[in-house]
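# Please find the sequence and the predicted model below.
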Amino acid sequence: DAMVIQNPRYQVTQFGKPVTLSCSQTLNHNVMYWYQQKSSQAPKLLFHYYDKDFNNEADTPDNFQSRRPNTSFCFLDIRSPGLGDAAMYLCATSRKSGRAGDDEQYFGPGTRLTVT
Amino acid sequence: AQKVTQAQTEISVVEKEDVTLDCVYETRDTTYYLFWYKQPPSGELVFLIRRNSFDEQNEISGRYSWNFQKSTSSFNFTITASQVVDSAVYFCALSENVFWKKLTFGTGTRLTIIP
């Protein structure tokens, strides 16, 4: 089945130690998103890619970076994780179509990041 | 600026009861999109419905129904004859941007169905 895959599902990293989360998709969607969801809060968009064009949200900390080497893969890099970065990180995809409102976002299962 | 309010933080109902989850939104755009997502304990956000601002027709899908009222800026979600599998956090979301689908989520409503 076509889907959005996130690995690993659970990641533990040490304070200040760089960590990379990965997302892959078999939907062939051209837009990919990264959201941060802290405990009992709503998901918050960090950034998104339209093809190779990167779009950062204004309030996303510089500590968070992203790479999209090809259509299928997108990575979230946290350069120096702090305790406040512990959260669920959700990847999503959508297809930019010619029809307005045609493309909802499909989410992966998320990676739960713990910072020790 | 856009905003989504889900005033109900937590709801518990006994199985087979009907339950309505409220969603109120704010936007200055005339064209926008509203969504409901379900987040079970596994964490994945599951898409339930999208509604366009120019389509106020209510929708029913099995035990689920949605009531969209532009006059009150509300997009409420009703589950009829609730089941234990309906237990989850439900998020209402708004998108103003047609193509990027930048979603602004409400804070979610945690629904617990008691067997």
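Yep, it's here. Bear in mind that the values here come from a model prediction, so they are computed numbers and not experimental data.

# Check which element follows the helix or strand A:Tyr49 falls within along the chain.
Assigned by DSSP states H and E, A:Tyr49 belongs to strand A:44-50. Using DSSP H and E, the helix or strand that follows strand A:44-50 in sequence is strand A:53-56.

# Partner strands of that next one and their direction?
Sheet pairing here is set by DSSP bridges, and for strand A:53-56 it gives strand A:44-50 (antiparallel).

# Give me the mean pLDDT for stretch A:39-51.
Confidence over stretch A:39-51 (mean pLDDT, whole number) is 91.

# what about that stretch, distance to the chain center?
Taking C-alpha atoms, centre = their mean, to the nearest Å, one finds the center of stretch A:39-51 at 7 Å from the center of the full chain.

# quick one on the thing from earlier: what does the strand holding A:Tyr49 rub up against?
A:30-38, A:54-57, A:60, A:64, A:66, A:68, A:74, A:76, A:96, B:100, B:102-103, B:105 (C-beta atoms under 8 Å, 6 or more residues apart in numbering or on different chains). (Each C-beta comes from the backbone N, C-alpha and C, glycine too.)

# quick one, strands of chain B?
B:3-5, B:10-14, B:19-21, B:24-26, B:33-39, B:46-52, B:59-61, B:64-69, B:74-79, B:88-95, B:103-105, B:109-114 (DSSP state E).

# could you dump those strands to CSV with distance to chain A and mean pLDDT?
Putting the strands of chain B into CSV (distance: least, C-beta to the nearest C-beta, whole Å; pLDDT from 0 to 100) gives the following:
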stretch, distance to chain A, mean pLDDT
strand B:3-5, 8, 94
strand B:10-14, 10, 97
strand B:19-21, 14, 97
strand B:24-26, 13, 96
strand B:33-39, 5, 93
strand B:46-52, 5, 89
strand B:59-61, 14, 86
strand B:64-69, 14, 94
strand B:74-79, 15, 96
strand B:88-95, 6, 94
strand B:103-105, 4, 89
strand B:109-114, 8, 97
